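Enquirer: prediction below, plus the sequence it came from.
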Amino acid sequence: GAADAQSYSSTPLSPGQGACSASQYASFQVRGDAWATGQGAQFKLLRNGVVITNTPGPVNNWAFETRTAYGNFAGPGYYSVCAQNTGTTNTVVTLQLRPDAEF
């Protein structure tokens, strides 16, 4: 299979726009981190396109870890971190996804 690699990107978003990290396969753990400027953004972690967790509203910093060792791993699959600018001004979001041995 393909080697695991962390996904890291910064993207400017206008109000209403969204962006997602590259999808990465995780076998036993995954960590998502995200940052936003200004009014912030709403963030979520997806597994195979289904939301695992999300922020209830816009925030400037967010992190979520799901691990087999913690008993909260949603299972092997393709994970991604997404951001949505729900504010009224432009923001820049930085998304980072680290699967398995990357953290």
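Expert: Nice, thanks for sending it over.
Enquirer: report all helices and strands that the lowest-mean-pLDDT helix or strand in the chain contacts.
Expert: Within the chain, no helix or strand scores below strand 7-13, which has a mean of 88 by mean pLDDT, DSSP states H and E. Strand 7-13 is packed against strand 18-20, strand 77-84, strand 91-99, with contacts defined by 3 or more Cβ pairs under 8 Å, 6 or more residues apart in numbering; DSSP states H and E. C-beta coordinates here come from the backbone N, C-alpha and C atoms, glycine included.
Enquirer: could these go into a markdown table alongside mean neighbour count?
Expert: Output for these, formatted as a markdown table (neighbours: other Cβ atoms under 10 Å):
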| stretch | mean neighbour count |
| --- | --- |
| strand 18-20 | 17 |
| strand 77-84 | 22 |
| strand 91-99 | 22 |
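Enquirer: now the ones you listed in CSV, with mean pLDDT and distance to residue 49?
Expert: Formatted as CSV, these follow (pLDDT from 0 to 100; distance: least, Cβ to Cβ, whole Å):
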stretch, mean pLDDT, distance to residue 49
strand 18-20, 97, 10
strand 77-84, 97, 8
strand 91-99, 96, 14
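Enquirer: looking at those, which is nearest to residue 7?
Expert: Nearest to residue 7 among the helices and strands packed on strand 7-13 is strand 91-99; the distance by Cβ to Cβ comes to 4.4 Å.
Enquirer: just checking, what packs against that closest one?
Expert: strand 7-13, strand 18-20, strand 24-26, strand 29-36, strand 77-84.
Enquirer: can you put those in CSV and add distance to residue 62?
Expert: Formatted as CSV, these follow (distance: least, Cβ to Cβ, whole Å):
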stretch, distance to residue 62
strand 7-13, 15
strand 18-20, 14
strand 24-26, 17
strand 29-36, 5
strand 77-84, 9
